[in-house]
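Asker: the following comprises the amino acid sequence and a computationally predicted model.
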Amino acid sequence: MATVSIMISPALRGPLTDQPELLQLREMPVEAARLLDVLHAPPRLAAHLRLVHDVAATLTVALEHRHPDLAFDRVAVLFGAATHDIGKVVHPTELTGPGSAHEPAGHALLLSYDIPDRFARFAGTHGTWHAPDRTIDDLLVSLADAIWKGQRVADLEDLLVDRIAAATGQPRWQAFHGLDEILDNVATDADQRLAFQASYPVRT
């Protein structure tokens with residue numbers, strides 16, 4: 001999918017295009033940026049989605065390098081990461097408090113804008129990675145939504161390690177070591193990501 005090259009509102013220009021001094025953030029898919037603008041998404045939500053998208057891109061590049069035969073849908077993972085919390089436009093209290101109502105709401109919202117379910121489903125699955133039907137793609141979006149802030153979720157990581165080992169034939173310890181190294185590298189920039197997100201207001 002194309003990256004941001006459209007006119008966006010002043011409120012979202014910063015979170016979607018600014019380059020913080022210590023981070024080099026990738027641009028979001030243009031379809032995702034357009035939706036955030038149309039929906040008048042809060043700037044902090046836009047910043048969060050951009051950060052998680054960037055981390056998902058880092059994860060997929062690293063996994064492709066280590067495991068070239070590992071099958072996953074990189075385009076879907078990146079779009080899913082860029083829109084996983086879009087349901088918080090409908091449930092804004094979940095921007096600063098707990099809740100999962102944004103998950104089914106986000107999935108329905110994306111479908112209502114004719115986003116194919118291949119891309120839309122992550123809005124509904126990112127918080128329930130433990131469900132038995134979750135794919136590698138689902139696990140990658142969920143993992144990006146944790147590790148962007150340095151959060152390690154052992155059960156989630158174990159599920160992904162199992163999938164990697166099964167798909168590649170690697171010993172499980174080797175798959176674990178490789179993923180652990182990738183996540184340690186991503187986590188080093190967690191403080192900068194948290195500061196970038198916090199620099200934008202919850203409400204416009």
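Answerer: In hand now; what should we look at? If you're wondering where the values come from, they're calculated on a predicted model, not measured in any experiment. Residues are numbered from 1 along each chain as shown.
Asker: in this structure, what residue sits furthest out from the centroid?
Answerer: Farthest-out residue of the chain from its mean C-alpha position, per C-alpha atoms, centre = their mean: Pro171, at 27.8 Å.
Asker: and it, its phi and psi?
Answerer: Backbone torsions for Pro171, taken as degrees, to the nearest 10, come to phi -60, psi 150.
Asker: how about Pro29?
Answerer: phi -60, psi 140.
Asker: neighbours of it, how many?
Answerer: 21 (other C-beta atoms under 10 Å). Where you see a C-beta, it was placed from the backbone N, CA and C, and this is true even at glycine.
Asker: cool, and Asp133?
Answerer: What Asp133 shows, counting by other C-beta under 10 Å, is a neighbour count of 7.
Asker: any idea how far it is from Thr125?
Answerer: 9 Å (C-beta to C-beta, to the nearest Å).
Asker: next: Thr204.
Answerer: Noted for Thr204: a distance of 28 Å to Thr125, by C-beta to C-beta.
Asker: which of these two has more neighbours?
Answerer: Neighbour tally, Thr204 and Thr125, criterion other C-beta under 10 Å: the higher count belongs to Thr125, 21 against 13.
Asker: how about the nearest residue to that one, chain neighbours excluded?
Answerer: Excluding the flanking residues, the one nearest Thr125 by C-beta to C-beta, 6 or more residues apart in numbering is Asp138, at 4.9 Å.
Asker: got it, and Ala71?
Answerer: Looking at Ala71 with C-beta to C-beta, 6+ apart, the closest residue is Ala167, at 6.7 Å.
Asker: I'd like the average pLDDT over the helix or strand hosting that neighbour.
Answerer: Using DSSP states H and E, Ala167 falls within helix 154-168. Taken as a whole, helix 154-168 has a mean pLDDT of 96.
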